[in-house]
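**Student:** Got a predicted structure plus its sequence, pasted below:
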Amino acid sequence: MQASIKRHTSTAILLAAVLTLVALTLLVRLPNLHGDTLNTVMLAEESTGYDLSGITDWNKRAVILLPGSTYYPSTLLTPETADAAIPISTNEFAALRADYLSQRFVLSLPDTNEAYTLTFKLSGRHAMRVYVNGTLAGETGRVGTTKQDTEVWENSITVSASPANSKMDILLNSAQFYHIRGGANLATLSVQKATETVTPRLSEPLEGLVMTGALLCAAALLMSVYLFLSHTKATLYFALACLAMSLRECVQSQSWTYFPMDGNTAFMLEYLSVALLTIFLSLYLGQYAAGPILRGIQIAAIAGSLVYGGITLLGDSLLYTSLLKFYQLWLIVCIITGTSGLFWNMRRPSREQAAVLYGIAVFYLAAVSDIAMYRDLFGATYSNAPISEAAMLIFTVAQTVSLFFMNSRVLAESKETEQRLASDKAALEKLDRMKTEFLGNVSHELKTPLTVMSGYAQTTKQLSGQLSPPLSEEVSRRMTLISSEADRLSLMVGQILDVTRMEEGQMVMEPVRCHLDEIVHAAVNTHYPMLNKNQNRLSIRIDRGLPDLYADPARISQIIVNLISNAVRFTSDGEIGLFAGQDGNRVLIRVSDTGVGIASERLAHIFERYHQKEASGAGQDTGTGLGLYICKHIVEQHGGSIWIESLEGHGTSVFFTLPAANTGPC
């Protein structure tokens, strides 16, 4: 059952996207669905002009005046030149392109002095200037006879005026040099009483400002998600796409007029925003572009948009508007092939993928619809209103829902991983405790036989003196080796036992007032057989007058034996030195050798537990790897510090400091 549902998920998503597109079209494009309560009447020009004198009831009424039968191409009429100019029939308009023109509206109105609101509406952005009864009534942009002198502005202008002797003689100058297809267009004129009110509704620029704000909020939300949560590039690209769409909505809805921006720049940004939007959305969809075909479509869309964006930014407006139809065709090919590939690849989408697919389908269907609208494929039945901006908001909501599903999944996976890690941690802690207990037990058990071995070796060595000289010397030598190796094993077992105590927090220091020279000589004398190996020379130099220590003598002795033992193992036929001197209120001890040294990359880890060392200079194994770890712990417990200086092939020096007794107990 679930497999059957998943097989039809993509179809259901596409159907939902189509229904959403139909709903957007009904809300945005079809006329008379915005709730306006104006009763509109359309009038055509008569031989003497437009007769509105018979309209007595202006209550919530607007009269739409269609373009007259004549106009003035490539002419900018003024009140002084209006009567001398010769008009041309509007039947010639389609064949005769004009980048600037004039229209004349002569209105007969009721015999009152009331004011009227006049709104001129054109297709596309124009520069416009209006004269009423010989007086300049309003201007948008800058009307000129060349492209350099013209600054295009909005596609409508609204002015207020009163009739003179029941007449209004209106001149409209309009100019549009920027679009290759159009030139200047003929305007319609809407007339209504200035005192009449209609059902409140936001103007087109204010509606655009609201939509721009919504898209900017979406971009800010997604940017916050990128910065503080996901750090995924797809979220960043979608946030930038929302910024590009907000720019397009701001310019296209004419809400840019609320900002200090000239009209010609706004015209360029309107086309540039399409290229930016395509680039960022293509980068966003790259996360779903699995396979060489989809990847190729993504690269093609980005490359085409980069080229068109560069032409828009650097080229002339007539060039990039003439190339627009080719760019739009390129986009349609990329959209159809790309979205088809995405739906095919995600035939059985997860919840988060389903939300994204729905948003993709809605937006790109709306984009194709807008392109068809701009190419006039829908005719005059629809208003010239794009729906891509509203579709982008739906896409943003779908992306937010997808992020919610993704975060829910990630949180569930994280919780499951956390529980698994907690279980693994508990098991590892149990194993670690068992290991510690095992090492402690083994260490305790090994102590006794090692002590017995060492004792018997020393006793046998003493008894060997009763034998004949050759046999006595050989027995003594072998017993010395046995005793030395027993001491070394005892030291290793002691290290393991110390680590288990450290891990359990049971290594207790018993500090007393003591003398360093006594500790050093006692340690060397006790462990001399173990330290006197590999034909090395041991030199000890302790400065006179060193202050007493407040330390645990047994632990300090353990440090010295460990360091000298390490030096012996890594030095053959060399010199091992022990130096002690005063360093301020501390005593500094240095154990040095002329052995193999330590590689620089290993120095940073030398005090770590179980650190793997290289083979010793005498070819022996390297012990437990715990000696320096234990030494560091003991030194720091006494309030001192320890460090190593070494050069590979030139020996090693280990330094550690201990506080003097007069500085207080550790």
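**Tutor:** Cool, got the structure.
**Student:** C-alpha only now, for contacts and for neighbours.
**Tutor:** Noted.
**Student:** Would you map the strands across the stretch 101-250 of the chain?
**Tutor:** 116-121, 127-132, 135-140, 156-161, 167-175, 188-193 (DSSP state E, counting those that start in this stretch).
**Student:** What helices and strands are in contact with the last one?
**Tutor:** Helices and strands touching strand 188-193, by 3 or more CA pairs under 8 Å, 6 or more residues apart in numbering; DSSP states H and E, are strand 61-65, strand 116-121.
**Student:** quick check: angle from the longest one to strand 167-175?
**Tutor:** Between strand 116-121 and strand 167-175, the angle formed by their directions is 30 degrees, by axes from the mean of the first three to the mean of the last three CA atoms, to 10 degrees.
**Student:** now the first one
**Tutor:** Comparing the axes of strand 61-65 and strand 167-175 via the same axes, to 10 degrees yields an angle of 60 degrees.
**Student:** Which elements pack onto strand 61-65?
**Tutor:** strand 39-43, strand 188-193.
**Student:** for the last one, the distance to its chain's centre please.
**Tutor:** Taking CA atoms, centre = their mean, to the nearest Å, one finds the center of strand 188-193 at 52 Å from the center of the full chain.
**Student:** What strands flank it, and is each parallel or antiparallel?
**Tutor:** strand 61-65 (antiparallel), strand 116-121 (antiparallel) (DSSP bridges).
**Student:** What average pLDDT does the longest one get?
**Tutor:** The average of the pLDDT scores along strand 116-121 is 93.
**Student:** Also stretch 352-370?
**Tutor:** 88.
**Student:** Stretch 82-93 now?
**Tutor:** Mean predicted confidence for stretch 82-93 is 91.
**Student:** Start and end of it, how far apart?
**Tutor:** For stretch 82-93, the separation between the terminal residues is 20 Å (CA to CA, to the nearest Å).
**Student:** Which residues does that stretch contact?
**Tutor:** The contact list for stretch 82-93 (CA atoms under 8 Å, 6 or more residues apart in numbering) reads 68, 69, 70, 71, 72, 73, 77.
**Student:** Switch the helices and strands packed on strand 188-193 over to CSV; also include mean neighbour count.
**Tutor:** Converted to CSV, the helices and strands packed on strand 188-193 look like this (neighbours: other CA atoms under 10 Å):
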stretch, mean neighbour count
strand 61-65, 20
strand 116-121, 19
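**Student:** And these: which comes nearest residue 510?
**Tutor:** Between residue 510 and these, the tightest spacing by CA to CA is seen for strand 116-121, at 98.3 Å.
**Student:** got the angle for the closest one vs strand 156-161?
**Tutor:** 160 degrees.
**Student:** Return strand 116-121 as CSV; C-alpha atoms alone will do.
**Tutor:** Only the C-alpha atoms of strand 116-121 are listed here, as CSV (Å, rounded to 0.1, in the frame of the first residue of the first chain):
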residue,chain,number,x,y,z
TYR,A,116,-11.6,65.3,-11.3
THR,A,117,-8.9,62.7,-10.9
LEU,A,118,-7.2,61.8,-14.2
THR,A,119,-5.2,58.6,-14.5
PHE,A,120,-3.2,57.8,-17.6
LYS,A,121,-2.3,54.1,-18.0
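**Student:** Just give the nearest non-adjacent residue to the spatially most central residue of the chain, would you?
**Tutor:** Among the residues of the chain, residue 231 comes closest to the average C-alpha position under CA atoms, centre = their mean, at 3.6 Å. Residue nearest to residue 231 in three dimensions, not counting chain neighbours: residue 225, with 7.6 Å by CA to CA, 6 or more residues apart in numbering.
**Student:** quick one on the thing from earlier: among the helices and strands packed on strand 61-65, show the one with the smallest mean pLDDT.
**Tutor:** strand 39-43 (a mean of 83).
**Student:** Tell me the strands beside it, with direction?
**Tutor:** Strand 39-43 is paired, per DSSP bridges, with strand 61-65 (parallel).
**Student:** Run the chain-centre distance for the partner strand.
**Tutor:** On CA atoms, centre = their mean, the centre of strand 61-65 falls 53 Å from that of its chain.
**Student:** residues in contact with the helix or strand that it is followed by?
**Tutor:** Sequence order places strand 70-73 as the next helix or strand after strand 61-65, per DSSP states H and E. Residues from elsewhere that reach strand 70-73 (CA under 8 Å, 6+ apart): 85, 86, 87, 88, 89, 90, 98, 100, 101, 102, 103, 104.
**Student:** give me that answer again for 10 Å
**Tutor:** 45, 82, 85-93, 96-105, 173-174, 184, 186 (CA atoms under 10 Å, 6 or more residues apart in numbering).
**Student:** All set now, cheers.
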